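Student: Sequence plus the predicted model coming up.
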Amino acid sequence: MEFKKKKLANGLAVVGEVNKSAKSAAVGFFVRAGSRDENEQISGVSHFLEHMVFKGTEKLSTFEVNEAFDRTGAQFNASTSEENTVFYAAVLPEYLAEATKLWTELMRPALREKDFDIEKNVIKEEIAMHKDMPSYDVMERCRKLHFDAHPCGNSVLGSEESIGNMTAEQMRGYFGRRYAPNNMTLAFAGNFNWEEVCSVAESLCEKWQRQRVTRLAKDWRGSKKKEGIEKANLSCEHICLMSAGVSAADPRRFAASLAAVIIGADVGSRFFWELVDKAIAETAAMQFEAMEGTGILCSYICCPDKNTGQVLDTVRDIFGNLSQNGITEDELRKAKNKMLSALVIKNELPMERLVDLGSNWTYLQQYRTVEDDISAIKAVTVNDVNLLIKQLEPANFTQFSIGPTR
Amino acid sequence: MGQRLDKHILKNGMVLLGEPMEAVGSAAFEFMLPAGAARLPEGCCGAANVITDWIFRGAGERDSRRLSDELDGLGLHRSGAVNSSHITIGAVLEAGNLQQAIELYADVILSARLEDEQFEPAKQLAIEGVRALDDDPRQKVMLKVQEQFYPSPLGRSSAGNIDELTVLTADKTRKIIKSNFNLSGTIFAMAGKYDFGVIVRQMEKLFGTGAGKSMRPIKAGSKAGKYTHLHNEGAQVHIGLMTETVKPTDEDYYNARVAVSVLSGGMSARLFTEVREKRGLCYAIGARYHCLKEAAGIVCYAGTTPEKAQETLDCIIGEFNRLADGISEDEIERAKVGLKSSLILQSESSSSRAGATAGDYYILGRVRSLDEIKDKIEATSVDSVLGFLRNNKFGEFTAVTIGPREIAVK
């Protein structure tokens, strides 16, 4: 593995990890633009803009973009979160320069009115699709309740209304503020020639103008409110619990990940033994999500609605026991084994490696090898996790539930 | 590519396969047990899911907790699935722990404790799994369309049927396990970093003495019908569509795969272009090749708001039928590049390779090398794909919709 980096005069960071034994290579643009950077009038614009990037440039139509990517055999897509918009492609090494050129050109999209109007329909369909996914719906509603007025509670998709009222002009304004070179990272992983892809990026990006970019990055402990709704067409109770976490730059993030594995990994965790193994809940899982300046511990539980009370009592017992007695050495050892092997296996694929590489640069401006992360996980002690649980108080959660009409 | 494929068959007929991968430190393995949904006795739909859970609730000298702790201790990531023909259980882990993991899995397969008190929660979870599917119409519609498309019992729901699960007993389930965990129909496949000689010796010791009995083919009956609508007051109409095509053993298999790729391989493919890019009818739209040993089809999903549902379905079927009218050289080239590229990208993952190896052996009786697949894709052309489409016109479409509005399959 060899790490490469270059910072262009306009602030664009280009980073790469070369692995000559890989059969493929991956490229991605990581843009610090997400729903937390939006206000009510433009709710959903980051995600809508991600779609619009695929609609082409002044020189390329939508169809030409899709054809050009498909000619490289790329597995390519993009995703938008509260924090970031990421555009990526995994290809055979000989096609990496072409895929890089395409993405780089697309980072200056035409944002045509006609495409904007057609794509509005697709976004509205995506919103409708997620309404039929209670597991997603409950998380989004809980996030809003948890973060209250903090921007990390903003919806990624926006609403039918905000999308309906949005103008292309508003999107262009947002694009100008967020897609600045000093707010983006271009990353490469796998088997590739650094000089070649770097020169593609340089020649196409050097004219991009640096901007002053801001983001509100306050920590937030959560509203701790508890709410729920009923929907006549549902069969199960869907419950989301959210409590404070730590930020993506916090050294305690490894302890937080291990705590989430101990509490809520899909097998062998406290949730598993107390809720799933006993068939009280069909699913019960916790994840730690690190964000810029803040973070959350987030649990999703799906159970028969008649078990809701028992589920919540059990969860309270689990959290109570954790804050009183802490975790055991044995639990920590197993959690580390799970996390370490997942890390190693995941990073065998250039596409997966790209995500870690780009995220670390976005959040930390730092290159971390897989071995760095392995060492950090190994170094976490029982005391670290117990202290963190005391600080974060997972028992003090925000709760949202969606279930069938009673 | 110089790819090596390892193979050894135990005296009882159990097949051991392996594909070494140089660049990885992981190993993935899976056991394909001939105990899938279509092999269940009538009235036991869903039993395979109960079995997949129950066998891990204690085996040999380890109780449920100890078994789980030891598996977790190996840093192993479990996988388990039920399909028409098999229950597949497997894992991916750091290669150094492979032998210990196989030892534990052998216990799960050969000496699961199958205790009465562990049966009820396993059964309850399977029932809740079926119920949870009601809240996931996208996944449910895909299971339903397969159930309706394949001749019964080939398409039988892998999730199960609540009524049949409710009356399922521990005794009945033990009998099913005894009859279906047949070593002569079991395939073990691994990929990644391993020593084949060492694993063969270990497998001989663990499984070599177990008896096998000859496997009977699954008897297929009739199809369930053309169109079913399941009413649900959701936001979208979820459309599942299937139509027949050739099996992997057919000489036209690669022509069919390229045709499906022209239809729905990448974002420049026909369905994405016509349904989403030009008309904005859907967010999610796609079709793929799907096969069992006995039959194969092209399966398609689309989700759309009620007022656009009929237009969406008509547009999709129109695109299927328009394929035989003509395909450009450029479209064929993109389809071929896409198929070859995804083959190589998947070959970097040890779990994908183990799965592909086992699947090939079951369906074809041999494992294809990546080079063979690449060459066969390369050998297709506009003429061969069009020739195939014209000689094999899409016949009837089987459709299932879930949502607030029923539509017509014309």
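Tutor: Everything's here; your move.
Student: for residue 7, phi and psi?
Tutor: Reading this off chain A. Recorded main-chain torsions at A:Lys7 are phi -110, psi 120, according to degrees, to the nearest 10.
Student: I was thinking of chain B, sorry if that wasn't clear
Tutor: Main-chain torsions, B:Lys7, degrees, to the nearest 10: phi -150, psi 140.
Student: Repeat that for the one 10 residues further on.
Tutor: Summarising the backbone geometry of B:Leu17 under the convention degrees, to the nearest 10, its torsions are phi -130, psi 150.
Student: residues of stretch B:99-116 that come out buried?
Tutor: By neighbour count with 16 or more other Cβ atoms under 10 Å in any protein chain shown, stretch B:99-116 contains the buried residues B:101-102, B:104-110, B:112-114. C-beta coordinates here come from the backbone N, C-alpha and C atoms, glycine included.
Student: which one of the residues you listed sits closest to B:Met203?
Tutor: Minimum separation from B:Met203 among the buried residues of stretch B:99-116 (Cβ to Cβ) is found for B:Ile102, which lies at 7.3 Å.
Student: is it possible to export the buried residues of stretch B:99-116 to JSON lines including distance to A:Ser24 and pLDDT?
Tutor: Rendered in JSON lines, the data for the buried residues of stretch B:99-116 read as follows (distance: Cβ to Cβ, whole Å; pLDDT from 0 to 100):
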{"residue": "B:Ala101", "distance to A:Ser24": "27", "pLDDT": "98"}
{"residue": "B:Ile102", "distance to A:Ser24": "29", "pLDDT": "98"}
{"residue": "B:Leu104", "distance to A:Ser24": "33", "pLDDT": "98"}
{"residue": "B:Tyr105", "distance to A:Ser24": "30", "pLDDT": "98"}
{"residue": "B:Ala106", "distance to A:Ser24": "35", "pLDDT": "98"}
{"residue": "B:Asp107", "distance to A:Ser24": "37", "pLDDT": "97"}
{"residue": "B:Val108", "distance to A:Ser24": "34", "pLDDT": "98"}
{"residue": "B:Ile109", "distance to A:Ser24": "35", "pLDDT": "97"}
{"residue": "B:Leu110", "distance to A:Ser24": "39", "pLDDT": "96"}
{"residue": "B:Ala112", "distance to A:Ser24": "40", "pLDDT": "98"}
{"residue": "B:Arg113", "distance to A:Ser24": "44", "pLDDT": "98"}
{"residue": "B:Leu114", "distance to A:Ser24": "44", "pLDDT": "98"}
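Student: Narrow these to those in helices?
Tutor: Counting by DSSP state H, the members of these that fall within helices are B:101-102, B:104-110.
Student: Could you save the residues you listed as CSV and add columns showing distance to A:Ser401?
Tutor: Converted to CSV, those look like this (distance: Cβ to Cβ, whole Å):
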residue, distance to A:Ser401
B:Ala101, 38
B:Ile102, 42
B:Leu104, 37
B:Tyr105, 38
B:Ala106, 42
B:Asp107, 40
B:Val108, 35
B:Ile109, 39
B:Leu110, 43
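Student: got the contact list for the closest residue to chain A within chain B?
Tutor: Closest approach of chain B to chain A (Cβ to the nearest Cβ) occurs at B:Ser341, with a separation of 2.8 Å. For B:Ser341, the contacting residues are A:72-75, A:91-92, A:95, by Cβ atoms under 8 Å, 6 or more residues apart in numbering or on different chains.
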